[in-house]
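[1] pasting a predicted model and its sequence here:
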Amino acid sequence: MSNNKNGRLKIFSLGLQHVLAMYAGAILVPLLVGRALNLTTEQLAYLVAIDLLTCGLATLLQAWKNKYLGIGLPVVLGSSFVAVTPMISIGATYGITAIYGAIIVTGLFIVVCAPFFSKITKLFPPVVMGTVVTIIGLSLIPTGIKNMGGGAASEDFGSVENLALSFGVLLFILILNRFSKGMLQSLSVLIGIMAGTFAAALAGKVNFSSVADASWFHLPQIFYFGVPTFEVGPILTMLIVGLVIIIESTGVFFALGKICDKSLTEQDLTRGYRAEGLAITLGGIFNAFPYNTFAQNVGLVQLSKVKTANVVIAAGGILVFLGLIPKVAAFATIVPTPVLGGATVVMFGMVVSSGIRMLSTVDFTKQSNLLIMACSISIGLGATAVPDLFAQLPSALRIIVSDGIITGSLCAILLNLLFNMKTKNEKVAKADKLAEAH
């Protein structure tokens, strides 16, 4: 009996560790999107709470391996950084209900097309995956930098107080990574956010009224922000976001498969994609976010050496529980923008690092790989830096190409098809050459 109790306690502790490792990333997306769309404090608290709950449900869906759903690996799902700028752009142009209509369609599309996606993983080699992840990180960094100054629209943008807070958080996170190990090191971003918020509170820059006003318990509400609307431009944009999420998750699935000594089949990938599509659909229904497999939790699996799905089932349960308590979510909304900026610069920089690490396996002696990477990153960052470049295009097309992440990702996928997919004649010629050699 004692051994069973100790075993359950260990699984709970390891599950909590997974939650803490991804918590900072999970709350950053609703905070960034909510503040950009000028949501009220109450709406922002709801967005954080429902995001945590849906993260938990999405994780449980992926861990619950059956005939139709779930990859069965120790994966944790969280709100995707890829969706941040497209959601803000759609919300500003078409309204918040158009965001959720597009997310629902994307989720259902992935569910239906999951068997097809599992057959075309060869279209996403490291040069595509690495380039896409690098573009995501580079495109998000300006958002982090603006937050370091206090937010682009703030009256005290770039003030000494804001810069001291943001760079203080950044330095604190770096010091923790340099001089600590294990759990403390893996939680450095979350601890940095907490320390920065505490310092801001001492300086009188934190308003706790949202925490005091928040209730202790609530149930999730379907279509909290209104009945979803379905617009062509936002749907096309979000479909491309869904494709990028699939590319990201494919890389994580294979990385985890290697750690867990499991060879993934097409059926495994199909179940994984289907669970991810269903999680995205839930995000649209509950007015949360598109979800993808969190790469930072892969490192935790490698570090802890615990490779069973029981641990992430515990993590999913904890996230669902936290999502039902608005007071917990309200604490996230009091984080000052400069503190958020100091932490996000690290997070987004780590996304860039992950992309570069993927690219390290690419054969750059091939001119085609250099061209794929060069053109995709240039066009992706160009669209982010100069959004007016496509201002004259029709609105449905403009909302797709004006987002750097989407444009760069599409460019990487299409150029890879152009340069690296062999034509029938090339395959025949290669086969003839091999036959002659033998």
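    Done, it's in.
[2] for the most centrally placed residue in the chain, give its distance to residue 106.
    For the chain, residue 80 is the residue whose C-alpha lies nearest the centre (Cα atoms, centre = their mean; 2.3 Å). Here residue 80 is placed at a distance of 11 Å from residue 106 (Cβ to Cβ, to the nearest Å). C-betas here are computed from N, CA, C, even on glycine.
[3] can you list residues touching both of those two?
    Here residue 80 and residue 106 have 241, 290 as joint contacts, going by Cβ atoms under 8 Å, 6 or more residues apart in numbering.
[4] for the lengthiest helix in the chain, buried residues please.
    The single longest helix within the chain, with elements called by DSSP state H, is helix 2-36. Across helix 2-36, burial judged by 16 or more other Cβ atoms under 10 Å covers 11, 14-15, 17-36.
[5] so how far is that helix from its chain's centroid?
    The chain centroid and the centroid of helix 2-36 are separated by 15 Å, computed with Cα atoms, centre = their mean, to the nearest Å.
[6] state the next helix or strand along the chain beyond that helix.
    helix 41-63 (DSSP states H and E).
[7] roughly how far is that following helix from the heart of the chain?
    13 Å.
[8] returning to what we had before: and the direction of the longest helix of the chain versus that of helix 41-63, what angle?
    Helix 2-36 runs at 130 degrees relative to helix 41-63, counting by axes from the mean of the first three to the mean of the last three Cα atoms, to 10 degrees.
[9] pLDDT of helix 2-36, averaged?
    The pLDDT scores in helix 2-36 average 75.
[10] hmm, who's touching the helix or strand containing residue 332?
    Following DSSP H and E, one finds residue 332 within helix 326-333. Residues from elsewhere that reach helix 326-333, judged by Cβ under 8 Å, 6+ apart: 27, 30-31, 41, 44-46, 48-49, 52, 210-211, 213-218, 322-323.
[11] just the buried subset of those, please.
    Buried residues within the contacts of helix 326-333, defined by neighbour count using 16+ other Cβ under 10 Å: 27, 30-31, 41, 44-46, 48-49, 52, 210-211, 214, 218, 322-323.
[12] that older thread, nearest residue to the residue nearest to the centre of the chain other than its sequence neighbours?
    residue 292 (4.4 Å; Cβ to Cβ, 6 or more residues apart in numbering).
[13] SS state for the one you found?
    strand (DSSP: H, G, I helix; E, B strand; the rest coil).
[14] and stretch 100-116, how far from the chain's centre?
    17 Å.
[15] stretch 223-235 now?
    That offset, for stretch 223-235, works out to 21 Å (Cα atoms, centre = their mean).
[16] could you do stretch 320-338 as well?
    Distance of stretch 320-338 from its chain centroid, counting by Cα atoms, centre = their mean, is 18 Å.
[17] isn't residue 44 right up against residue 37?
    No. Residue 44 lies out of contact with residue 37 (Cβ atoms under 8 Å); the separation is 9.5 Å.
[18] run a quick neighbour tally on the spatially closest residue to residue 14 that is not a sequence neighbour.
    Of all residues beyond its chain neighbours, the one nearest residue 14 is residue 311 (4.5 Å), with distances taken as Cβ to Cβ, 6+ apart. Residue 311 is flanked by 25 other residues according to other Cβ atoms under 10 Å.
[19] OK, contacts around residue 311?
    By Cβ under 8 Å, 6+ apart, the contact set of residue 311 is 11, 14-15, 18, 74, 304.
[20] in a markdown table, list the residues you listed along with distance to residue 421.
    Converted to a markdown table, those look like this (distance: Cβ to Cβ, whole Å):
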| residue | distance to residue 421 |
| --- | --- |
| 11 | 45 |
| 14 | 42 |
| 15 | 42 |
| 18 | 38 |
| 74 | 34 |
| 304 | 39 |
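[21] buried residues in stretch 375-390?
    For stretch 375-390, the neighbour count (16+ other Cβ under 10 Å) marks 375-377, 379-381, 383-384, 390 as buried.
[22] repeat for stretch 145-160
    Counting neighbours by 16+ other Cβ under 10 Å, stretch 145-160 gives 146-151 as buried.
[23] max pairwise distance over those: which two?
    148 and 151 (9.4 Å; Cβ to Cβ).
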